[in-house]
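Trainee: how would this look folded up:
(one chain, ligands or ions: 1)
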Amino acid sequence: MTEQAIEQAAAILSRAKRIVVFTGAGISTESGIPDFRSPGGVWDRFDPTEFTYQRFLSSEDARRKYWSLSKLFYEPLVSANPNPGHDAVVALERWGRLDCIVTQNIDGLHQRAGSSPDRVIELHGTALSVSCLSCRKRHSREEVQARVEAGEEVPRCEGCGGIMKPDTISFGQPMPERETAEAFRRAENCDLCWVIGSSLVVTPAAHVPVAAVNAGAKLIILNGSETPLDEAADVVLRGKAGEVAPRLIERARALAGETA
Ligand code: APR
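Mentor: Now for the predicted structure:
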């Protein structure tokens with residue numbers, strides 16, 4: 001990645017007033033949470049068809065397998081801490097330039113880093129809570145995970161006996177309507193969409209940056225590898241979120257005449 005690219009991106013950032021930051025698993029890899037499609041990522045090690053919503057609903061055995069495998073996903077989340085990539089997004093909010101964060105991540109690290117929860121739109125839900133699919137009663141993931149660890153292989157709702165599932169959106173599961181509509185509304189009203197750490201291959205999430213560009217916003221993509229939207233970006237930064245994002249904020253603030 002060139003210094004020129006950083007300079008171009010910082011110039012755009014310094015002029016933007018309503019920024020939508022769109023994040024994927026790549027912003028959390030430096031926190032120790034593997035992403036999905038990099039070499040050695042989650043889908044290199046697990047079969048995604050084991051994690052579809054239909055499979056989960058299909059049988060008690062499928063749910064038993066889901067809970068035993070999902071333990072492997074959940075553990076890195078519990079021990080993860082926000083990294084300088086998340087911190088840079090907090091700095092953007094404190095600078096007064098962030099409209100909101102649209103994240104595909106389920107790890108809660110934006111909120112843990114200090115981003116205002118009401119500015120974080122979790123398109124794919126969260127792994128930090130579990131809900132009953134019948135009565136919608138919500139539980140902390142910690143509480144339910146402890147029940148699984150204690151031998152309740154397929155936890156059931158204590159209130160109604162219904163099937164319980166982590167509040168993540170699995171393949172084949174309907175997207176959260178309110179969050180999805182709000183994400184597109186904010187993208188269509190921003191002046192810059194800054195993508196950080198996403199392969200931009202999963203829809204409808206990956207359409208959010210497209211909606212921003214179609215509405216006239218600038219697009220910056222900071223990602224470790226190529227994405228299908230690179231051609232549409234004003235600037236592509238090929239690098240690590242934790243290294244590049246803080247540099248970008250610092251340079252943009254200098255260009256805006258505000259020392260960091
Ligand atoms: N800095 C910048 N980019 C990174 C870093 C990093 N430290 N680490 C990884 N990346 C990039 C990778 O190059 C990859 O292009 O982040 C991207 C992560 O892409 P995916 O693994 O596909 O993750 P994501 O885009 O969030 O996936 C979207 O797919 O499986 C579903 O529901 C899941 O929300 C997820 C969705």
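
Trainee: by proximity to the ligand, which residue of the stretch 1-150 of the chain wins?
Mentor: Nearest to the ligand, among the residues of the stretch 1-150 of the chain, is Gly26, at 2.2 Å (CB to the nearest ligand atom). Yep, even glycine has a C-beta here, placed from its N, CA and C like the rest.

Trainee: residues from the stretch 151-260 of the chain in reach of the ligand?
Mentor: Within the stretch 151-260 of the chain, the positions near the ligand by CB under 6 Å from any ligand atom are Gly197, Ser198, Ser199, Val202, Asn223, Gly224, Ser225, Lys240, Ala241.

Trainee: quick one: contacts for the second one?
Mentor: In this structure, Ser198 makes contact with Phe22, Thr23, Gly24, Ala25, Gly26, Gln104, Ala205, Ala206, Asn223, Thr227, judged by CB atoms under 8 Å, 6 or more residues apart in numbering.

Trainee: so which of these is the closest to Glu3?
Mentor: Asn223 (18.2 Å; CB to CB).

Trainee: my guess is that closest one contacts Pro209. True?
Mentor: No - with contact defined as CB atoms under 8 Å, Asn223 and Pro209 do not form a contacting pair (11.3 Å).

Trainee: okay, and the common contacts of the two?
Mentor: Counting by CB under 8 Å, 6+ apart, the residues touching both Asn223 and Pro209 are Val195, Leu200.

Trainee: and Ala181, its phi and psi?
Mentor: With angles defined as degrees, to the nearest 10, Ala181 sits at phi -60, psi -40.

Trainee: and it, how far from the ligand?
Mentor: 18 Å (CB to the nearest ligand atom, to the nearest Å).

Trainee: the strands in this structure, which residues?
Mentor: 19-23, 98-103, 120-122, 125-132, 138-140, 164-168, 192-196, 218-223, 235-238 (DSSP state E).

Trainee: export those strands as CSV, with columns for mean pLDDT and mean neighbour count.
Mentor: CSV is the format used below for the strands of the chain (pLDDT from 0 to 100; neighbours: other CB atoms under 10 Å):
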stretch, mean pLDDT, mean neighbour count
strand 19-23, 99, 27
strand 98-103, 98, 26
strand 120-122, 98, 22
strand 125-132, 97, 20
strand 138-140, 96, 14
strand 164-168, 97, 21
strand 192-196, 98, 27
strand 218-223, 98, 24
strand 235-238, 98, 20
